[in-house]
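Student: Sequence plus the predicted model coming up.
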Amino acid sequence: MTGTAPAPFTADDYRARMERAARQAAEAGLAGLLVAPGPDLVWLTGYTPTAVTERLTLLVLAAGRDPVLVVPTLEAPDAERAPAARALTLRDWTDGKDPYAVTAALLDTEGLLRGPKGVGGAPLGISDNTWALHLLGLQRALPGTSYASLTEALPMLRAVKDAAELDLLAAAGAAADAAFEEIRQVAFAGRRESDVAADLAALLRRFGHSQVDFTIVASGPNGANPHHEVGDRVIERGDMVVLDFGGLKDGYGSDTSRTVHVGEPTDEERRVHDLVREAQEAGFRAVRPGVACQEVDRAARAVIADAGYGEYFIHRTGHGIGVTTHEPPYMIEGEERPLVPGMCFSVEPGVYLPGRFGVRIEDIVTVTEDGGRRLNDTAREMVIVD
Ligand code: ZN
Ligand code: ZN
Ligand code: ZN
């Protein structure tokens, strides 16, 4: 993604997000938050530099203080047009200056490095995708400071979506559904996986995606590898084909999987597909407020394990989605944090039979007061393609 996100959020929306993030950081025992270009910066400000380079761009947040965006002088005009520009102060630095010294001075004047929460005290939260170059520069300029991963310290910061975000995720899901309705009409047998993947990418774009993150087309034995890279294998009659595709539409993600069969399936293929479908339904039905994330995983996994295929379900059941296509919350054993209305995540159990075939069915689901609501809703029955 380049430029600023086209999302319908105002400077006031971003101000509220930045205040919430700073407050949560303080509650988590952090001195403040440092956020480099990436999904957290997009969510907090709507801003992405046209090119992410070695020049430091960094948002500095701390409870009770005005947000400051450190930017290279030559990018300041772009930053001034960011959706959140009215809600923050720009501090630009010119080539030849040390941006880490500029940031260090800023942190010092903001009082983040003094007193009980100063150097050697509370860590600064830093966004996960900050380049090592920048973190090392900060450590050099601010010896004695310590850092914590923003995602580890505040895993649920972006997890609960507001109404406008839910609308955008629903629109991305509807676009992915439309792409599936079209792809099921195309010829599979005799074409390479990469040809069908190119069709899928074109369809996602036609239905409004500005960014395609993945178009997995895993045919026959390739389907047994959940993250199969699309290759030159020619799809044959009799193949199961796992389709898993998604990306960003208007700044928010889609991610769906359906498994189709080329021609008539065998009884076993039908049985395994029915089993995964039943597991996906069980995971979906487990979704309601207050339930631990791991319960969604357990509900889907129990169906597959009870049928004797437990060892062939080799990944977690789901992951969150928002301004990225993989983020917290994770539907995984050991994740005891509760589901909260507004969370959005995938429910995507699968069965992978090495050397033979795989089946995965994936929908994006949001938590409502009454249970789960699917943001993908094309047929989950096995679709027969040509
Ligand atoms: Zn078959
Ligand atoms: Zn997927
Ligand atoms: Zn997924």
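Tutor: Perfect, thanks for sending it. These numbers were taken from a predicted model, which means no experiment stands behind them. Ligands and ions are numbered 1, 2, ... in the order given.
Student: residue ranges of the helices in the stretch 101-250 of the chain, please?
Tutor: For the stretch 101-250 of the chain, the helices defined by DSSP state H, counting those that start in this stretch occupy 132-141, 150-153, 163-183, 193-206.
Student: when you scan the longest one, is anything in it near ligand 3?
Tutor: Put plainly, it is helix 163-183. No: contact between helix 163-183 and ligand 3 is absent, the nearest approach being 11.1 Å (criterion: C-beta under 5 Å from the ion). Every C-beta, even on glycine, is put in place using the N, C-alpha and C of the backbone.
Student: rewinding a little: make CSV out of the helices of the stretch 101-250 of the chain and add mean pLDDT.
Tutor: Formatted as CSV, these follow (pLDDT from 0 to 100):
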stretch, mean pLDDT
helix 132-141, 95
helix 150-153, 96
helix 163-183, 97
helix 193-206, 97
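Student: Quick one, which of the ones you listed gets closest to Val383.
Tutor: Of all these, helix 163-183 sits nearest to Val383, with 8.5 Å by C-beta to C-beta.
Student: Can you spell out which helices and strands pack onto the closest one?
Tutor: Where contact means 3 or more C-beta pairs under 8 Å, 6 or more residues apart in numbering; DSSP states H and E, helix 163-183 is packed against helix 193-206, strand 240-249, strand 252-253, strand 256-262, strand 363-368.
Student: Dump the helices of the stretch 101-250 of the chain to JSON lines, plus mean neighbour count.
Tutor: Formatted as JSON lines, these follow (neighbours: other C-beta atoms under 10 Å):
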{"stretch": "helix 132-141", "mean neighbour count": "15"}
{"stretch": "helix 150-153", "mean neighbour count": "18"}
{"stretch": "helix 163-183", "mean neighbour count": "20"}
{"stretch": "helix 193-206", "mean neighbour count": "20"}
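Student: Any idea which of those helices gets closest to Gly318?
Tutor: The closest of those to Gly318 is helix 163-183. By C-beta to C-beta, the value is 14.2 Å.
Student: Just send the helices and strands packed on helix 163-183 back as CSV, with distance to Ala26 too.
Tutor: Listed next are these as CSV, based on distance: least, C-beta to C-beta, whole Å:
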stretch, distance to Ala26
helix 193-206, 40
strand 240-249, 31
strand 252-253, 28
strand 256-262, 38
strand 363-368, 27
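Student: In TSV, list those along with distance to ligand 2.
Tutor: Below are these laid out as TSV (distance: least, C-beta to the ion, whole Å):
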stretch	distance to ligand 2
helix 193-206	12
strand 240-249	4
strand 252-253	10
strand 256-262	5
strand 363-368	9
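Student: Tell me which of the ones you listed sits nearest to Asp177.
Tutor: Asp177 lies closest, by C-beta to C-beta, to one member of those: strand 256-262, at 7.2 Å.
Student: Say whether ligand 1 is contacted by that closest one.
Tutor: No: under the criterion of C-beta under 5 Å from the ion, ligand 1 is not reached by strand 256-262; the shortest gap measures 5.7 Å.
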